[in-house]
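# predicted structure and sequence below. I'll ask about it afterward.
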Number of protein chains: 2
Amino acid sequence: MQTIPEENIKDAAQGLRAIAHELRLAVLCHLKNGPMCVNELMEVTAASQSNLSQHLSKMRMMGIIVNDKRGQQVYYRIANPEFLSLVDVLRRIYCPEAYQGSLEGAKG
Amino acid sequence: MQTIPEENIKDAAQGLRAIAHELRLAVLCHLKNGPMCVNELMEVTAASQSNLSQHLSKMRMMGIIVNDKRGQQVYYRIANPEFLSLVDVLRRIYCPEAYQGSLEGAKG
DNA sequence: TCATTGCATTAGCAAATTATAATATACAAT
DNA sequence: ATTGTATATTATAATTTGCTAATGCAATGA
């Protein structure tokens, strides 16, 4: 398994910071099945409009998500599927309760 | 690919914050081949003693690394190998220059 | 044209983060 | 006992982050 060369550490750390927040991580998770507009994200995250908008803005500037306008709404989606791999690793680390093994775990 | 349930989002975000810093991410990368003491980490990261110590302390409190004293020195190592998977995903996202494909890339 | 809806932006403040400098502690050697 | 080495802790100041409230602006509909 390789490492991150020194010249890329800064970018990688910045990218991490763009996700290292409860609300932003939640947004990332909610977007895993496809684009959602701000209104929908407001509902599922229970965040205020302004607050959510600011976090979306940050995530967009940091390259985590991209958006496209459809009529009056703005739809956001994940910019790079690798961010879902990242979420998956987090799940393996921080969700010990969740079912994580292969199906043969049902054996016995 | 699964998501992180709401009840674990807070922990996961906290864990991310514990790595979302240039110096801390660099430390994590340097530890990938085994334990290192503070002096060694000071050399490779070029950080000041106090600064490094504080960051190590934070990473330890957040469960990223663990330490054990050997004589006068304190050796740190990665607490959970999954953190290396996390680094690997970061590398795939933020190191486009690095050689990332399989060996068959040499074909042709 | 006027009101409404969906979202972004700005301002302001509280809280968290980070770096430096100084001091403390533990161990080792003389 | 004293000195030196390795690391931790504390204090502090500067910067960044995050939330709320207020305002702006584009698209829609009456």
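Arrived safely. Numbers count the residues shown, from 1 in each chain, chains lettered A, B, ... in the order given.

# and the nearest residue to A:Tyr75 once chain neighbours are set aside, what is it in contact with?
Counting by Cβ to Cβ, 6 or more residues apart in numbering or on different chains, A:Pro35 is the residue found nearest to A:Tyr75 once chain neighbours are left out, at 4.1 Å. In short, each C-beta sits where N, CA and C put it, glycine included. A:Pro35 makes contact with A:Asp68, A:Tyr75, A:Tyr76, A:Arg77, according to Cβ atoms under 8 Å, 6 or more residues apart in numbering or on different chains.

# 10 Å - rerun?
With contact taken as Cβ atoms under 10 Å, 6 or more residues apart in numbering or on different chains, A:Pro35 is in contact with A:Ile65, A:Val66, A:Asn67, A:Asp68, A:Arg70, A:Val74, A:Tyr75, A:Tyr76, A:Arg77, A:Ile78.

# and which of those is nearest to A:Val44?
A:Tyr76 (12.4 Å; Cβ to Cβ).

# restrict the contacts of A:Pro35 to contacts with DNA strand C.
Contacts with DNA strand C within those, as defined by Cβ under 7 Å from any atom of the strand: A:Asn67, A:Val74.

# name the element A:Glu43 belongs to?
Assigning secondary structure by DSSP states H and E places A:Glu43 in helix A:38-45.

# that helix and DNA strand C, are they touching?
Yes: contact of helix A:38-45 with DNA strand C (Cβ under 7 Å from any atom of the strand) involves A:Val38, A:Asn39, A:Met42.

# what sits closest to the first one if chain neighbours are left out?
Counting by Cβ to Cβ, 6+ apart, A:Val38 lies nearest to A:Val74, which is 5.7 Å off, once chain neighbours are set aside.

# continuing past the helix or strand where A:Ala13 lies, what's the next helix or strand?
A:Ala13 belongs to helix A:6-17 when assigned by DSSP H and E. Per DSSP H and E, the first helix or strand lying C-terminal to helix A:6-17 is helix A:22-30.

# which helices and strands sit right next to that following helix?
With contacts taken as 3 or more Cβ pairs under 10 Å, 6 or more residues apart in numbering or on different chains; DSSP states H and E, helix A:22-30 sits against helix A:38-45, helix A:49-61, strand A:65-70, strand A:73-78, helix A:82-94, helix B:6-17.

# return the most buried member of the ones you listed.
Among the helices and strands packed on helix A:22-30, ranked by average contacts under mean count of other Cβ atoms under 10 Å in any protein chain shown, first place goes to helix A:82-94 (a mean of 20).

# tell me the contacts of A:Phe83?
By Cβ under 10 Å, 6+ apart, the contact list for A:Phe83 reads A:Gly15, A:Ala18, A:Ile19, A:Leu28, A:Leu31, A:Lys32, A:Met59, A:Gly63, A:Ile64, A:Ile65, B:Val89, B:Ile93.

# near DNA strand D, which residues of chain A show up?
For chain A, the contact set with DNA strand D under Cβ under 7 Å from any atom of the strand comprises A:17, A:20-23, A:48, A:50-51, A:54-55, A:58, A:69, A:71-72.
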